[in-house]
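Trainee: 3D, please:
(2 chains)
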Protein chains: 2
Amino acid sequence: MITQIVLGLDIGGTNADFAFIDRDGKILYKANIPKNDFNTANSFVQLVKKKAHEAMANIKGGLVIKAIGIGAPNGNYYRGTIEFAPNMKWEGIIPIAEYFRMAFGVPCFLTNDANAAAIGEMMFGNAKNVDNFIMITLGTGLGSGIVANGRLVYGHDGFAGELGHIIVKEGGRQCGCGRKGCLETYASVTGIKRTVVKMLEDGGYKSELNGLSYNQLSGKMIEEAAIRGDKLALEAFAYTGSILGKALANAVAFTSPQLIVMFGGLAQAGDLIIKPTKLEMENTLLRIYKSKVSIISSGLKGNEAALLGAAALAWKEMGAH
Amino acid sequence: MITQIVLGLDIGGTNADFAFIDRDGKILYKANIPKNDFNTANSFVQLVKKKAHEAMANIKGGLVIKAIGIGAPNGNYYRGTIEFAPNMKWEGIIPIAEYFRMAFGVPCFLTNDANAAAIGEMMFGNAKNVDNFIMITLGTGLGSGIVANGRLVYGHDGFAGELGHIIVKEGGRQCGCGRKGCLETYASVTGIKRTVVKMLEDGGYKSELNGLSYNQLSGKMIEEAAIRGDKLALEAFAYTGSILGKALANAVAFTSPQLIVMFGGLAQAGDLIIKPTKLEMENTLLRIYKSKVSIISSGLKGNEAALLGAAALAWKEMGAH
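Mentor: As a prediction, the model looks like this:
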């Protein structure tokens, strides 16, 4: 029997993955395309097409691609474009969905990576049958996807859900966006590294992280130090969680979600980040929201989430539940 | 010909209005029920029924009530209840929609007053065909209704959209909710009165408001002073707008609305409040949102908006566009 699949595509700054994914979220084939092959968007599309067709020929029983789903930084859902993405060779506004539609002859849908993660979580992860939740991805930056009334909130221009750029401290840390005090300058892998460096500079802690520079530090090192009981590392998580928790209390007053799902590098620290976040959020919440909102980790495997999210977008648009 | 109408009901803390409203938002009959008649929710419902039936008998051609729509403080859309509303005689959780359903034998829908205003704006006001907007009501407090993907955001519990209780200043002004620094302690009629009193206490301004106490002040007096060029009053509007503008810049990063509609006592000051709000919002917005979001006044008449909103809720639920 011929299996119906979608082609899920996760485009990163330096790398792309694609996979064949069935309606149940099963990955039937997966491949990586290294960044050297990214010279133009069109050559990239042709390469994916070639690799996909080679792979299909080798799969027993046969596959049919029903649609293509793409998660990409600065991906615009309405226009199917990648717009001015930082760290990418392709400049300006790239109509990537249209390129794929022409190359494969099937519908192609695109959104940003955090939105794709939210849809993946809704279809294959820990937010099944949850109509109101917020996905927070804690990586280099802080991304978010907001689901309300069972649908992703794209906003009028496709750019809703930039919680990483909620200003949480006036005159606070310099953000890459040019403004100061954005949430992601505190609550992200980069943010906790900045916190640790600041604490090291301020002194007063015996810490295994002493003497390390910003570039030498990683989120994983801070996590491991915290697991070993390093006081500075634990304080850094507590501080990060307190800022994130306050911001989430405000977020709850917006869309009143039942669930907040955390994903990404910093979220892998689990309770180290979730506990202080939850504590501060509960302390800050308006009374009507208290004890109603869960914060949990993503149900998607880290290295597959983006692909599953991209595939879920395509399945959802094609009418699957 | 018999005209199809809905019964729109606006329940306030001390007063209630109801009206017969047709599909085009035309008010065919309107009545007020003074607060003395509010002893119990059930006696209130019976009184509305009696008055409505009397009125119907006097209307030529005949009417048929298709549904009932209610806007009420602390109104819960999902449960059809008014829950712990401040300043009301009825205490606890009142299943008011169920009471009306039983009394009239037609469907009854309920939400809070700000959500009802948003739906009214969408159906009969300045947000027709706008799928993503935020309604802000600036009265005694700050209420809000968020529309995303063409639908009101209720949240999982029916309590979404409490932007008045976004904390904008840590350790800021005491709020009635028990916390500090909520947006509505600055951006509301009450908020601007507090600002004026503080400025008067601080001194340094020649102002026609000098010598007035908090209780003597009104939003209208501050507005009129500002129109006459009173520097303190103008500064108070600028300060209020700057805080509201910053908060709205964060709100835009959530749902990326095309439009923000302002309504209520303070919004009646028009450009006095809208201009400084818009200025600060634009200065604060993340680049991708700049120059994309309009702030406008409500298209609904002040004394009819709540009723039209309640009616619009009912029409919308019954499938009207």
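
Trainee: can we go C-alpha only for contacts and neighbour counts from here?
Mentor: Fine.

Trainee: neighbours around A:N39, how many?
Mentor: The number of residues packed near A:N39 is 12, by other CA atoms under 10 Å in any protein chain shown.

Trainee: Surely it is within a strand?
Mentor: No. With DSSP: H, G, I helix; E, B strand; the rest coil as the criterion, A:N39 is located in coil rather than a strand.

Trainee: what's the spacing between the spatially closest residue to it that is not a sequence neighbour and A:A41?
Mentor: The shortest distance from A:N39 to any non-neighbouring residue, by CA to CA, 6 or more residues apart in numbering or on different chains, is to A:K89 (6.8 Å). Counting by CA to CA, to the nearest Å, the gap from A:K89 to A:A41 is 9 Å.

Trainee: Convert the C-alpha atoms of whichever helix or strand A:M135 is part of to CSV, please.
Mentor: Following DSSP states H and E, one finds A:M135 within strand A:133-138. C-alpha atoms of strand A:133-138 as CSV (Å, rounded to 0.1, in the frame of the first residue of the first chain):
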residue,chain,number,x,y,z
PHE,A,133,-1.4,27.0,25.3
ILE,A,134,1.9,28.8,24.8
MET,A,135,5.1,27.2,23.5
ILE,A,136,8.3,28.8,24.7
THR,A,137,11.6,27.8,23.0
LEU,A,138,14.6,28.6,25.1
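
Trainee: by contact count, what packs against that strand?
Mentor: Counting contacts by 3 or more CA pairs under 8 Å, 6 or more residues apart in numbering or on different chains; DSSP states H and E, strand A:133-138 is packed against helix A:113-124, strand A:142-148, strand A:259-263.

Trainee: Residues contacting the helix or strand following the second one, please?
Mentor: Okay, so that is strand A:142-148. Proceeding N to C from strand A:142-148, the next assigned helix or strand is strand A:151-152, under DSSP H and E. Residues external to strand A:151-152 that are found in contact with it (CA atoms under 8 Å, 6 or more residues apart in numbering or on different chains): A:115, A:118-119, A:131, A:145-146, B:149.

Trainee: could the helices and strands packed on strand A:133-138 go into CSV alongside distance to chain B and mean neighbour count?
Mentor: Formatted as CSV, these follow (distance: least, CA to the nearest CA, whole Å; neighbours: other CA atoms under 10 Å in any protein chain shown):
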stretch, distance to chain B, mean neighbour count
helix A:113-124, 13, 29
strand A:142-148, 6, 26
strand A:259-263, 9, 24
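
Trainee: For the most centrally placed residue in chain A, give its distance to A:L307.
Mentor: Centroid check for chain A by CA atoms, centre = their mean gives A:A114 as the closest residue, at 3.6 Å. Noted for A:A114: a distance of 12 Å to A:L307, by CA to CA.

Trainee: where do the helices sit along the stretch 101-250 of chain A?
Mentor: A:113-124, A:189-202, A:219-227, A:231-255 (DSSP state H, counting those that start in this stretch).

Trainee: How about the second one, which residues are buried there?
Mentor: Along helix A:189-202, the positions that meet the burial threshold by neighbour count (16 or more other CA atoms under 10 Å in any protein chain shown) are A:189-197, A:199-200.

Trainee: The third one too?
Mentor: Judged by neighbour count using 16+ other CA under 10 Å, the buried positions of helix A:219-227 are A:219, A:222-223, A:225-226.

Trainee: What residues does chain A have near chain B?
Mentor: Contacts of chain A with chain B, taken as CA under 8 Å from any CA of the partner chain, map to A:131-132, A:146, A:148-149, A:151, A:153-163, A:165-167, A:177, A:179, A:250, A:252-258, A:286-288.

Trainee: repeat that with 7 Å
Mentor: Contact residues, chain A versus chain B (CA under 7 Å from any CA of the partner chain): A:132, A:148-149, A:153, A:155-156, A:159-163, A:165-167, A:250, A:253-258.

Trainee: and those residues, which are buried?
Mentor: Using 16+ other CA under 10 Å, the buried members of the residues of chain A next to chain B are A:132, A:148-149, A:153, A:155-156, A:159-163, A:165-167, A:250, A:253-258.
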